[in-house]
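Undergrad: fold the following for me, if possible:
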Amino acid sequence: MLRHEVKKRKLADILYEKIRGHLRSIEERCIKEIEVNKQLQLTLRTRDMELSTVTNNLNQVVQEQNDTQRQLSQERNARILQDEILTNHFCKQKEIALAQGKRNFKIFSFSHFQIRISHSHDNM
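TA: Numbering: from 1, shown residues only. Model (predicted):
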């Protein structure tokens with residue numbers, strides 16, 4: 001009976017060591033998984049901060065592009081207005097020149113007519 005008890009005890013010790021080794025292995029895997037999980041969480045926080053920075057930079061670039069487009073549009077509109085003013089000014093100068101030309105032609109024609117009349121009277 002004692003032998004039987006010793007044998008049982010040895011089997012129990014062997015089973016105990018086997019279970020203990022298995023539990024130690026499970027514990028090591030759990031510790032590794034916890035470390036991997038911590039590292040992944042840290043990486044995720046880092047990526048979130050990088051994404052936030054990139055998003056902010058993108059928003060700033062878009063805002064600057066919008067500001068530049070707005071400024072270009074204002075400059076384009078100002079140039080168009082300047083061109084219209086200049087065109088209007090040239091048209092008025094042309095009208096004035098034409099009017100002066102007509103007036104000068106009338107004066108020349110009238111003077112020429114008077115000279116002809118005067119020559120006609122002299123010839124008589």
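
Undergrad: any low-confidence regions in this protein?
TA: Residues of the chain that meet the criterion pLDDT under 70 lie in 102-124.

Undergrad: what residue is smack in the middle of it?
TA: Per C-alpha atoms, centre = their mean, the C-alpha nearest to the average position across the chain is that of residue 62, at 2.8 Å.

Undergrad: burial of residue 60, as a residue count?
TA: Neighbour count for residue 60, taken as other C-beta atoms under 10 Å: 10. Yep, even glycine has a C-beta here, placed from its N, CA and C like the rest.

Undergrad: from residue 66, how far off is it?
TA: Here residue 60 is placed at a distance of 11 Å from residue 66 (C-beta to C-beta, to the nearest Å).

Undergrad: how about residue 24?
TA: 62 Å.

Undergrad: residue ranges of the helices in the protein, please?
TA: 2-123 (DSSP state H).

Undergrad: measure the residue nearest to the centre of the chain to residue 47 for me?
TA: 22 Å.

Undergrad: do residue 12 as well
TA: Noted for residue 12: a distance of 51 Å to residue 47, by C-beta to C-beta.

Undergrad: and residue 29, by the same measure?
TA: For residue 29 relative to residue 47 (C-beta to C-beta), the value is 26 Å.

Undergrad: hang on, the earlier thing: any idea how far the residue nearest to the centre of the chain is from residue 69?
TA: To residue 69, residue 62 is 10 Å away according to C-beta to C-beta.

Undergrad: repeat for residue 92
TA: Distance from residue 92 to residue 69, by C-beta to C-beta: 35 Å.
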